[in-house]
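J.: just need the structure, nothing else, for what follows:
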Amino acid sequence: MASDNTGDLKLPADLILQDEILTKIKYSTNADEKLDVESLFSAIENILDRTTKTVDGLFLKGTDSQGTKMKLLEESPKESFIPPLSDFKDISYEMQCKAAGEEIARETTESIIMKLSSYSRDAKAVLTLATFALEYGEYFLLACIQSSNHVAKSMGTLKGVPVLLGKLEKHGQAVVDLNKLIKATLEVFQCIFGLKKLSNYDKKDKLITVAVYWAIVSVVVSTNQLCYLVTDESDDQVKKQELETCADKLNRILIELKKERENQEKKDYRKVKNDVNTSESIVAVINTLLTDPTNNLTPQLTDGSTQEKLEINYLVGKSVFLFFSSLLISGEDISNLENFLDKTRKEKDQYETVWIPFVKQWNKDLKKKFEFLRSKMLYVAANYSLPIASHKYIKKKWNFKVNEPLIVVLDSQGKVVCMNAIPMMRVCGVEAFPFTSEKEETLLNQKGLIGVTATHISPQIENWIEEEKYIFLYGGQVTDSAMVLDHDPMIVEKGISIKLVSIEDDNLLKRFWTKIKNLFTSRSQRETEIDSMKLDIEKLISYKKKKRGWAVFSKGSSVILIGGTTILQVLKEFDIWKESLNEKDFELAFKDYHNKISNHDDDAICRHIKIPYKALKIPETECSYCQRIMVTNITFKCCHKDDDKWALPRP
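T.: Sure, this is the predicted structure:
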């Protein structure tokens, strides 16, 4: 290793650049020349990722040389993006069909750098890569459609596509080697852009400049190799050596870039974590999460109803609902959000909602949804990119997943009072506002399990709870047997008032179970050691999975029993135990007989629970086929066998 007079940066001698070249790459002579580098790079990624995967599919059975999973990119340039076509032509002219050898490649690279002297370093690099991507992508696009499109077939003939296809088998290794270099070059660019989004970016400046230079050299070499593949010339050995040399240099640079990126990401994450945990004001927390670490700029907020620009200090002294989401939000969630946002707007002196949207693709329907949502609250621009460390923090500490909306409730001191308000919002709607633990506990104590999950089934349930009535909520095979409680003379004689609520409609039942699961999620994110309601929910979900009937028996807001086929048996055998009503109240008589027979059926088996679970810190997993994020389910299953002597049912 040798010093390249870049401060602390150490690089092998063959990667060191003269200061004159470093300066030419880094500085532009015309600061007014601008280019939307990110939009251009997103197009490049789409082209090169797909074309290299196509080649891998032909030669390496669907994976790249390291066996990594294919990833489908979905980002696209902004609609306003205008490609710099004249620059593409100038760069293409410089690169086409040069003689082999690193010296010529370096001369060509310096010539390109001079032609692009009015552009920044990043723009120089991306323009060069874009020129190659345009050429490389065109060959494979024409190859794919020439059999079904006469224009494509004729264009392909002029471009030399038949020659390229004819050489694939004979020079397959040359194509594979070229593919490896292209992917290494793309990865270098991705690392460079990743480093740009981290703090202390300026300290990595010379490493990035060196990386840009050798990436451009590799693009020149790749273009040259492609030119040879579509001509009758063959100098494979020379070309192979040149490709291998470039790939080796890029891979060594990649090691340094990844090391720097990983170290800096860890430092940035630790800083965000510490600052959020120690901050004593909501403004400090928002600043920590939103401030761009590369320039220390915090984006302004926009009031969606007035389009007025606001500084972060506007939030001083307020509780804030931090809303993170894509635009993939269900109609029911939109309805809940609308009521919630209307509530916060009425109390904006105490509460504000700040939306940080994650929008990668646009269409007409999504734009309408975006316009609707942002009109109700403060928001950060849709094209704003959350800092990497902040994104990692909300994913790791607040369990954010892009395909699931998240509302973190922060008090005026910036402390989390609710990790995610969405589950409780789905259960109780705006009634749970402002979604603190205290509010949730109050609601659950007043309404109970049935009161918060089943009022959509019968509007009378809320009144019955207030009147401390017995409520028997049931479904499945319990349905017919439950009617005995409504007709038996002894029930009438004793003046026992039992309200029977059967859930038979599929839509009502689906909504009920959705609320149950969301209530479980909400309870799970609370830091409580013992939660009787959570245990009741677990029990109820386990009976649902048995598919033989379930029931919740309660009095007012208190749950008396949750069961399955045992309750069915208790109802069927009402004539056996009803005489005990002369000595006991209905609740005690029911429970005593239930407990007496509960060891004789599947109620004695431990609970098996499988639910979509959003509260746990579970890593997102991609489908190996389509690369989309998979739905996460967790199964809770007791590990003992049902015939274990020590396995006694919970009383």
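J.: give me the number of residues near the closest residue to Glu338 other than its chain neighbours?
T.: Using CB to CB, 6 or more residues apart in numbering and skipping residues adjacent in sequence, the residue nearest Glu338 is Lys376, 7.0 Å away. The C-beta positions use only the backbone N, C-alpha and C, and glycine is treated the same way. Neighbour count for Lys376, taken as other CB atoms under 10 Å: 18.
J.: got a list of what Lys376 touches?
T.: Going by CB atoms under 8 Å, 6 or more residues apart in numbering, Lys376 touches 304-305, 337-338, 341-342, 345, 353.
J.: so Lys439 touches Phe433, yeah?
T.: Yes. Here Lys439 reaches Phe433: they are 7.3 Å apart, a contact under CB atoms under 8 Å.
J.: neighbour count winner among the two?
T.: Neighbours per residue (other CB under 10 Å) separate Lys439 from Phe433, with Phe433 holding more: 20 against 17.
J.: Val501: what secondary structure?
T.: Following DSSP: H, G, I helix; E, B strand; the rest coil, the label given to Val501 is strand.
J.: and for Asp268?
T.: Under three-state DSSP, Asp268 falls in the helix class.
J.: so which strand or helix has the nearest residue to it once chain neighbours are set aside?
T.: Sequence neighbours aside, Ala389 is the residue nearest to Asp268 in space, at 3.6 Å (criterion: CB to CB, 6+ apart). If you go by DSSP states H and E, Ala389 is part of helix 388-396.
J.: contacts made by that helix with the rest, please.
T.: With CB under 8 Å, 6+ apart, helix 388-396 has contacts from 194, 197-198, 265, 268-269, 271-273, 276, 288-290, 293, 324, 386, 400-401, 406, 408, 617.
J.: which among those count as buried?
T.: With neighbours counted by 16 or more other CB atoms under 10 Å, the contacts of helix 388-396 contain buried members at 194, 197-198, 265, 268-269, 272-273, 276, 288-290, 293, 324, 386, 400, 406, 408.
J.: and the next element down the chain from the helix or strand containing Lys517?
T.: Following DSSP H and E, one finds Lys517 within helix 506-524. Using DSSP H and E, the helix or strand that follows helix 506-524 in sequence is helix 532-546.
J.: quick check: Lys318 touching Glu352?
T.: Yes. Counting by CB under 8 Å, Lys318 sits close enough to Glu352 to count as a contact (5.2 Å).
J.: comparing those two, which residue is more hemmed in?
T.: Using other CB under 10 Å, the more surrounded residue of Lys318 and Glu352 is Glu352, with 22 against 19.
J.: phi, psi of the more buried one?
T.: In terms of degrees, to the nearest 10, the main-chain angles of Glu352 are phi -140, psi 150.
J.: I'd like the distance between the residue nearest the centre of the chain and Ile496.
T.: Centrality entry for the chain: nearest residue to the mean C-alpha point is Val402, 2.8 Å, by CA atoms, centre = their mean. Val402 sits 52 Å away from Ile496, going by CB to CB, to the nearest Å.
J.: try Lys367
T.: Computed as CB to CB, the Lys367 to Ile496 distance reads 58 Å.
J.: by contact count, what packs against the helix or strand harbouring Asp90?
T.: Assigned by DSSP H and E, Asp90 falls within helix 85-95. With contacts taken as 3 or more CB pairs under 8 Å, 6 or more residues apart in numbering; DSSP states H and E, helix 85-95 sits against helix 102-115, helix 121-145, helix 205-229.
J.: returning to that earlier point: quick check: which of the contacts of Lys376 has the minimum pLDDT.
T.: For those, the least confident position by pLDDT is Arg345, scoring 84.
J.: coming back round to it: show me which residues of the helix holding Ala389 are buried.
T.: Judged by neighbour count using 16+ other CB under 10 Å, the buried positions of helix 388-396 are 388-395.
J.: and stretch 551-561, how far apart are its ends?
T.: Stretch 551-561 has its terminal residues 8 Å apart, counting by CA to CA, to the nearest Å.
J.: report the buried residues of it.
T.: Under the neighbour-count criterion of 16+ other CB under 10 Å, stretch 551-561 has 551-557, 559-561 buried.
J.: likewise for stretch 356-375?
T.: Within stretch 356-375, the residues scored as buried using 16+ other CB under 10 Å are 356-359, 369-370, 373-374.
J.: and for stretch 164-179?
T.: In stretch 164-179, counting by 16+ other CB under 10 Å, buried: 164, 167, 171, 174-179.
J.: ranges for the helices of the stretch 201-350 of the chain?
T.: Along the stretch 201-350 of the chain, the segments classed as helices by DSSP state H, counting those that start in this stretch run 205-229, 236-278, 282-290, 331-346.
J.: what's the most buried one of those helices?
T.: Compared across the helices of the stretch 201-350 of the chain, helix 205-229 shows the largest average neighbour count, a mean of 23 (mean count of other CB atoms under 10 Å).
J.: what helix or strand is the closest residue in space to Ser558 that isn't next to it in sequence located in?
T.: Residue nearest to Ser558 in three dimensions, not counting chain neighbours: Gly448, with 6.2 Å by CB to CB, 6+ apart. Using DSSP H and E, Gly448 sits within helix 437-453.
J.: state the distance from the residue nearest to Ser558 to Lys203.
T.: Plainly put, Gly448 is 59 Å away from Lys203 if you go by CB to CB.
J.: now for the residue lying closest to Cys246 once chain neighbours are set aside: which residues touch it?
T.: Nearest non-adjacent residue to Cys246, counting by CB to CB, 6+ apart: Ser218, 4.5 Å away. Going by CB under 8 Å, 6+ apart, Ser218 touches 181, 184-185, 188, 246-247, 249-250.
J.: from the buried residues of stretch 551-561, pick the one nearest Tyr593.
T.: Of all the buried residues of stretch 551-561, the one with the least separation from Tyr593 (CB to CB) is Leu561, at 10.8 Å.
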